[in-house]
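Student: sequence plus predicted model, see below.
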Amino acid sequence: MDYKKLNFKCGLEIHQQLFGKKLFCSCPVITNKTEEPDFIVKRRLRASMGEMGKIDEAAKFEQSKNKEFIYESYNDCDCLVDLDCEPIHGINEDALNAAFEVSLLLNAQVVDEIHVMRKVVVDGSNVSGFQRTMLIAIDGFIETTQGKVGIATICLEEEAAKKINENEDSVTYRLDRLGVPLIEIATTPDIRDEGHAKEVASTIGMILRSTGKVLRGIGTIREDINLSIKNFPRIELKGFQDLRSIPVVIEKEIERQLKEKPLKGEVRKVNVDNTTSFLRPMPGASRMYPETDHPSILISKDKLKKIVLSELISEKILKLEKKFNLRKTVAQEVLENNLDLDSLSKKYKNLEPKVIADVILEIPKEIKTRFNIDPKSESLEKVLENLNNGKISKNAIVDILVAHSKGETIDFSSFKKISDKEIEIEIKKIISYNKELNPNAIMGILMKKYRGKVDGKKIFEIISKYKK
């Protein structure tokens with residue numbers, strides 16, 4: 001697909017939940033409740049006019065469905081603020097500071113004064129009929145393999161309630177998620193193609209995780225895509241949770257537009273099969289109006305100077321690569337698993353750090369894939385100990401771990417490493433019997449005879465001394 005010829009324009013909206021407390025009350029962030037609710041509330045909502053005195057088209061569309069909304073609530077994480085029966089409290093300062101940190105890491109300019117706004121939403125996902133949001137920063141950027149991508153805006157807002165069930169007459173929501181602090185990052189339309197979109201989403205996600213202030217797991221981060229092609233209106237695609245699906249969805253959406261030739265912009269839902277379906281009309285500016293229950297927030301330079309910026313995960317990975325001579329993927333796993341290679345290198349002084357990382361992180365994955373077995377931690381320690389003492393070869397690791405995980409008693413002497421001198425004697429013997437054998441043939445004979453007791457690389461080095 002020729003994205004340049006299509007005049008492809010694309011931007012992302014990233015929505016990331018923060019942990020701690022909800023944005024405008026003291027309720028703790030406890031999402032993904034599954035038990036029976038403590039109480040249920042039922043409501044019907046109507047669209048209100050925005051600041052310009054008009055009702056938003058998307059809000060009109062949702063109101064026309066005339067559905068009843070059922071809210072499942074819990075005593076430990078929901079309160080009267082969530083039920084819109086009490087004015088909001090002061091803003092969560094921890095969430096606000098997290099938004100400042102993210103803004104600075106994205107090279108954005110924090111605004112001088114923050115105004116809490118109400119955004120009309122009457123699909124039932126907000127009990128009040130609106131979502132509170134505020135602009136935190138503008139004009140940032142990130143570096144990518146295809147140049148800079150601008151960050152247009154960074155907002156802090158309330159997360160919506162989670163939809164549990166829907167039928168023709170009603171929609172059921174769960175309120176544990178309502179009010180959770182949510183950072184919204186919107187890029188400029190600088191994304192060049194489908195792969196670039198995935199890279200941008202991945203980079204922003206990495207920066208968010210670097211702060212250590214975000215929730216992790218399914219549903220805690222979501223991506224929306226705004227895209228357009230030549231002679232067609234902008235379309236917004238909602239519902240991404242898996243970055244791997246982004247390129248496929250973009251390609252399928254462009255194919256759909258070229259076939260159906262839409263004349264009006266709209267919001268579309270991303271389906272399980274990566275196709276899209278109509279969700280609602282494109283919203284406009286008329287759905288916004290000021291929040292009267294919270295004062296504006298003045299931001300001083302001194303306040304921003306106190307924000308401590310976290311080291312980016314990408315920088316930590318690069319340091320691990322260089323310090324321990326690791327592959328990038330292994331360095332990333334070392335970081336994600338909090339593997340203390342400094343301490344382990346001191347404990348196993350005769351082993352290279354990359355060997356230690358392979359034994360603890362990579363080889364168990366290989367065994368899981370090949371044998372559907374999860375090696376025990378004590379097995380890994382035993383292997384590292386014998387490897388460090390030169391009693392076994394790296395080639396024996398898989399056989400030992402598989403046997404030990406099956407409950408077999410391991411005789412480590414049977415895996416005793418063959419010395420270089422013994423290998424050299426055996427090579428000379430083989431060559432004396434058949435001088436026509438090529439290096440690969442000799443290698444095959446020795447690997448078969450000393451399976452699990454020798455290092456293939458070392459054997460090949462010795463063979464090369466006698467067979468050029």
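Tutor: Thanks, I have the structure now. In this text the structure is predicted, and so the values were computed from the model without any measurement.
Student: let me see the domain layout of the chain.
Tutor: When the chain is parsed with automatic domain parsing, its domains come out as 9-305, 313-415, 420-466.
Student: buried residues of stretch 148-167, list them for me.
Tutor: Applying a neighbour-count criterion of 16 or more other Cβ atoms under 10 Å, one finds 149-162 buried in stretch 148-167. Bear in mind the C-beta positions are built from the backbone N, C-alpha and C, glycine included.
Student: quick one: end-to-end distance for that stretch.
Tutor: In stretch 148-167, first residue to last residue: 45 Å (Cα to Cα, to the nearest Å).
Student: stretch 15-32 now?
Tutor: 17 Å.
Student: same question for stretch 326-340.
Tutor: 14 Å.
Student: ditto for stretch 412-425
Tutor: End to end - Cα to Cα - stretch 412-425 spans 24 Å.
Student: tell me the mean pLDDT over it?
Tutor: Per-region confidence: stretch 412-425 scores 70 on mean pLDDT.
Student: helices and strands around the biggest strand by length in the chain, which ones?
Tutor: Secondary structure assigned by DSSP state E gives strand 130-144 as the longest strand of the chain. Packing partners of strand 130-144 (3 or more Cβ pairs under 8 Å, 6 or more residues apart in numbering; DSSP states H and E): helix 93-105, strand 109-110, strand 113-114, strand 117-120, strand 147-158, helix 194-210.
Student: any chance of the ones you listed in a markdown table, with distance to residue 248 and mean pLDDT too?
Tutor: Listed next are these as a markdown table, based on distance: least, Cβ to Cβ, whole Å; pLDDT from 0 to 100:
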| stretch | distance to residue 248 | mean pLDDT |
| --- | --- | --- |
| helix 93-105 | 28 | 98 |
| strand 109-110 | 35 | 98 |
| strand 113-114 | 38 | 98 |
| strand 117-120 | 30 | 93 |
| strand 147-158 | 21 | 98 |
| helix 194-210 | 8 | 97 |
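Student: okay, the ones you listed in JSON lines with distance to residue 425 next?
Tutor: What follows is the helices and strands packed on strand 130-144, written out as JSON lines (distance: least, Cβ to Cβ, whole Å):
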{"stretch": "helix 93-105", "distance to residue 425": "60"}
{"stretch": "strand 109-110", "distance to residue 425": "72"}
{"stretch": "strand 113-114", "distance to residue 425": "78"}
{"stretch": "strand 117-120", "distance to residue 425": "80"}
{"stretch": "strand 147-158", "distance to residue 425": "60"}
{"stretch": "helix 194-210", "distance to residue 425": "53"}
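Student: so of these, which one's packed in deepest?
Tutor: strand 117-120 (a mean of 22; mean count of other Cβ atoms under 10 Å).
Student: hmm, who's touching that strand?
Tutor: Strand 117-120 is contacted by residues 47-48, 50, 55-56, 59, 129-134, 157, 287-291 when judged by Cβ atoms under 8 Å, 6 or more residues apart in numbering.
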